[in-house]
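# how would this look folded up:
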Amino acid sequence: MSKEIRVNAFAMQSPVHHSPGLWRHPNDRSLDYTTLEYWTDLAQILERGKFDALFIADSMASNDVFGGSYDAALSVGAQVPKLDPIVSVSAMALVTEHLGFGITSNALYEPPYPFARRMSTLDHLTKGRIGWNIVTGHTVSGSKAVGQTSLTPHDQRYDIADEYLRATYALWEASWDDDAVRRDRKHRVFADPGKVRRIVHKGQYFQVDAIHLAEPSPQRTPVLFQAGASARGRTFAAAHAECIFVSGPTPQVIGPVVADTRRRAAEAGRDPRELLFFSMATVIVGGTEEEARAKLADYRRYINPRAALILFSGWTGIDFSKHDLDAPIRFDDRAQGLVSALEAFSIADPDRVWTVRELAEHNAIGGRGPVFLGSPEQVADQIEAWVDATDVDGLNLSYAVTPGGFEDFGTYVVPELQRRGRFKREYAPGTLREKLYGPSRSRLPESHPAAALRPPANDKVRLTSRHRGVGA
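As a prediction, the model looks like this:
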């Protein structure tokens, strides 16, 4: 039986995400990114289209690689400026009932303690619909912005994130018993102190000594998203992630990453089929193929290939202003930026050689993934073929224009995929994790490493020597 195809909307709180230049299109609302109304409208559009979640990208980078300055990025709005995505989630949750929210936050830029509380807060306020996209940073400008003197080496960033997760897991999973909160008006007892533990984490990079300040939220640990596609990133994702974001222009790039990550998950003792992979893609669809092609021709009048190179320079740390447009893309094993982005257009597909010009034109609409174009039937055919060829579970859907691209997907493509039995007709009840994995799955499964930090069921001692070092 063919798997159900899942879809997230992929966005950033910036005038440009992955289609630089399209903010100038008369039907695009990207310039409204500073208004709450844009984000609540978008959330309602996505829920009507039965999207699983809104996946919001973010970074601290000022995108200053192209030409050695952030001037180029600022001039075209290439992911600069950008707002903090966490702030708008509560409003979007208020106007929706089922839509999940994947929030990007860097494990190297903030202590685990305040972050854990913030995510628990959002999990409460969204009634269990929050996810965390775990990133480790890939830019010098982002590192310097938060007081670091240089970009931490690629593999060490994942070592730090491993420890960050151990600390946050302990706070979310081990500090409060399920029945610690009583809310007993008669006996004037809010919580049983004997069922709340102090977490003591003394690691190489982080220190924690406190109880978790938030009572247990519906999911406790948010749904864990991750986007590591390098060798070290795949090991990290295989150990921790539930949903994994991959990107690349061809199945030959995506398929091996998915297969290798599932293999690593099995070696780590996890069920590899429980890892859900979402591949970046853009859909341009109309009632007929002719309508879709007319839309694409119209969009191409607004693209900005130079701005696409500005973005790609920021992602990879390579200044493409210095490269001949007709030169092939070369992989540099010294790169410390987003290694997987560089691999996707250089060595990942040996049958395809990309020039700088071709990369710029491809990335000018929708970013690093494919563009599926045509009638509803044609687009559904392309999505099914992509999913079946790569073994991904769904799409992180980028856009040419927003929110129209997402609205078109819900109007044209979703009914066709539903007719084929490849897309849900209604949302499942419960938390985001339950919607993804089924009823009674609000919490991480026992096979996940976070489960090892949960105290035994008969352990009711608030703090003993056995608990010193929980999460260490």
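# taking the centroid of the protein, which residue is nearest it?
The centroid of the chain falls nearest to residue 133 when counting by C-alpha atoms, centre = their mean (4.4 Å).
# quick one, phi/psi of that residue?
Torsion angles at residue 133 (phi, psi; degrees, to the nearest 10) stand at phi -90, psi 110.
# am I right that it is in contact with residue 101?
No: the criterion here is C-beta atoms under 8 Å, and residue 133 misses it with residue 101 at 10.2 Å. Yep, even glycine has a C-beta here, placed from its N, CA and C like the rest.
# residues that sit against both of these two, list them.
Common neighbours of residue 133 and residue 101, counting by C-beta atoms under 8 Å, 6 or more residues apart in numbering, are residue 56.
# before we move on, back to that, who's the residue nearest to the centre of the chain bridged to?
residue 104, residue 225 (DSSP bridges).
# what distance do you get for it to residue 44?
Between residue 133 and residue 44 the computed distance is 22 Å (C-beta to C-beta, to the nearest Å).
# repeat that for residue 101.
On the measure of C-beta to C-beta, residue 101 and residue 44 end up 13 Å apart.
# which one's more surrounded, those two?
residue 101 (27 against 15; other C-beta atoms under 10 Å).
# that one - nearest residue in space that isn't next to it in sequence?
Closest residue to residue 101 apart from its sequence neighbours, by C-beta to C-beta, 6 or more residues apart in numbering: residue 89 at 5.0 Å.
# hmm, that neighbour is touching residue 103, no?
Yes: between residue 89 and residue 103 there is a contact under C-beta under 8 Å: 6.6 Å.
# low-confidence ranges in the stretch 351-472 of the chain?
Scanning the stretch 351-472 of the chain for pLDDT under 70 picks out 457-472.
# so which residues of it form strands?
Per DSSP state E, counting those that start in this stretch, the stretch 351-472 of the chain carries strands over the ranges 371-374, 394-398.
# among those, which is nearest residue 181?
With C-beta to C-beta as the measure, strand 394-398 is the member of the strands of the stretch 351-472 of the chain nearest residue 181 (35.5 Å).
# tell me which strands the closest one pairs with, and in which orientation.
Strand 394-398 has its sheet partners listed here by DSSP bridges as strand 6-12 (parallel), strand 276-285 (parallel).
# so what's the residue count around residue 405?
24.
# list the contacts of the residue nearest to the centre of the chain.
55, 56, 57, 102, 103, 104, 105, 225, 226, 227, 245.
# the residues you listed, buried ones only, as a PyMOL selection?
Command for PyMOL, covering only those of those found buried under the criterion 16 or more other C-beta atoms under 10 Å:
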select buried, resi 55+56+57+102+103+104+105+225+226+227+245
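# and the residue nearest to residue 101, what is it in contact with?
Contact analysis of residue 89 by C-beta under 8 Å, 6+ apart lists 101, 103, 122, 125, 126, 130.
# so which of the residues you listed belong to helices?
Among those, the members found in helices (DSSP state H) are 122, 125.
# and which of the contacts of residue 89 is nearest residue 407?
residue 101 (18.8 Å).
# so what sits against both of residue 89 and residue 103?
122, 130.
# list the buried residues of the biggest helix by length in the chain.
Longest helix of the chain, by residue count under DSSP H: helix 154-174. Buried residues in helix 154-174, counted by 16+ other C-beta under 10 Å: 154, 157-174.
# with stretch 359-371 instead?
Result for stretch 359-371 [16+ other C-beta under 10 Å]: buried residues 359, 360, 362, 363, 364, 365, 366, 367, 368, 369, 370, 371.
# let me have those in a markdown table, extended by distance to residue 81.
A markdown table is the format used below for the buried residues of stretch 359-371 (distance: C-beta to C-beta, whole Å):
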| residue | distance to residue 81 |
| --- | --- |
| 359 | 25 |
| 360 | 23 |
| 362 | 26 |
| 363 | 21 |
| 364 | 21 |
| 365 | 22 |
| 366 | 22 |
| 367 | 19 |
| 368 | 22 |
| 369 | 24 |
| 370 | 29 |
| 371 | 27 |
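# what's the closest of the residues you listed to residue 49?
Looking across the buried residues of stretch 359-371 and measuring by C-beta to C-beta, the closest to residue 49 is residue 366, at 17.5 Å.
# these two touch, right, the closest one and residue 22?
No: counting by C-beta under 8 Å, residue 366 does not reach residue 22; the two are 9.5 Å apart.
# now list whatever residues contact both of the two.
residue 400.
# what's the end-to-end length of stretch 421-436?
End-to-end span of stretch 421-436 (C-alpha to C-alpha, to the nearest Å): 17 Å.
# and the strands paired with strand 394-398: which comes nearest residue 313?
Closest among the strands paired with strand 394-398, using C-beta to C-beta: strand 6-12, at 17.0 Å.
# lowest-pLDDT helix or strand in the chain?
When each helix and strand of the chain is scored by mean pLDDT, DSSP states H and E, helix 339-344 comes last, with a mean of 63.
# what is the neighbour count of residue 193?
If we define neighbours as other C-beta under 10 Å, then residue 193 has 9 of them.
# so how far is residue 214 from it?
Relative to residue 214, residue 193 is positioned 16 Å away (C-beta to C-beta).
# one more: residue 95?
Counting by C-beta to C-beta - residue 95 and residue 214 are separated by 24 Å.
# more neighbours, these two?
In terms of neighbours (other C-beta under 10 Å), residue 214 is the more surrounded of residue 95 and residue 214; the figures are 19 against 13.
# assumed that one was part of a strand.
No: applying DSSP: H, G, I helix; E, B strand; the rest coil, one finds residue 214 to be coil, outside a strand.
# how about it: what's its closest non-neighbour residue?
Of all residues not flanking residue 214 in the chain, residue 120 sits nearest, at 3.6 Å (C-beta to C-beta, 6+ apart).
# list the buried ones in the helix or strand hosting the one you found?
Per DSSP states H and E, residue 120 falls inside helix 112-125. Buried residues in helix 112-125, counted by 16+ other C-beta under 10 Å: 112, 113, 115, 116, 118, 119, 120, 121, 122, 123, 124.
# same check, this time on stretch 220-239
Buried, per 16+ other C-beta under 10 Å, within stretch 220-239: 220-230, 232-239.
# and the residue nearest to residue 212 when sequence neighbours are not counted, what does it touch?
Leaving aside its sequence neighbours, residue 212 sits nearest to residue 175 (C-beta to C-beta, 6+ apart; 3.7 Å). By C-beta under 8 Å, 6+ apart, the contact set of residue 175 is 196, 197, 198, 199, 211, 212.
# would you turn these into TSV with secondary structure and pLDDT?
TSV is the format used below for those (DSSP: H, G, I helix; E, B strand; the rest coil; pLDDT from 0 to 100):
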residue	secondary structure	pLDDT
196	strand	98
197	coil	97
198	coil	97
199	strand	98
211	coil	98
212	coil	98
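# how about those residues, which pair is most distant?
196 and 199 (10.2 Å).
# low-confidence stretches in this protein?
Ranges of the chain meeting pLDDT under 70: 1, 332-349, 457-472.
# sorry, back to before: pick out the most distant pair among the buried residues of stretch 359-371.
Most distant of the buried residues of stretch 359-371, by C-beta to C-beta, are 360 and 370, 16.3 Å apart.
# got the CA positions of the helix or strand residue 41 falls within in CSV?
Assigned by DSSP H and E, residue 41 falls within helix 36-48. What follows is helix 36-48, C-alpha atoms only, in CSV (Å, rounded to 0.1, in the frame of the first residue of the first chain):
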residue,chain,number,x,y,z
LEU,A,36,0.3,39.6,12.5
GLU,A,37,-2.6,39.5,10.0
TYR,A,38,-0.4,38.0,7.3
TRP,A,39,0.6,35.1,9.6
THR,A,40,-2.8,34.4,10.9
ASP,A,41,-4.3,34.5,7.4
LEU,A,42,-1.6,32.1,6.3
ALA,A,43,-2.2,29.7,9.1
GLN,A,44,-5.9,29.6,8.3
ILE,A,45,-5.2,29.0,4.6
LEU,A,46,-2.9,26.1,5.5
GLU,A,47,-5.4,24.5,7.8
ARG,A,48,-8.1,24.7,5.1
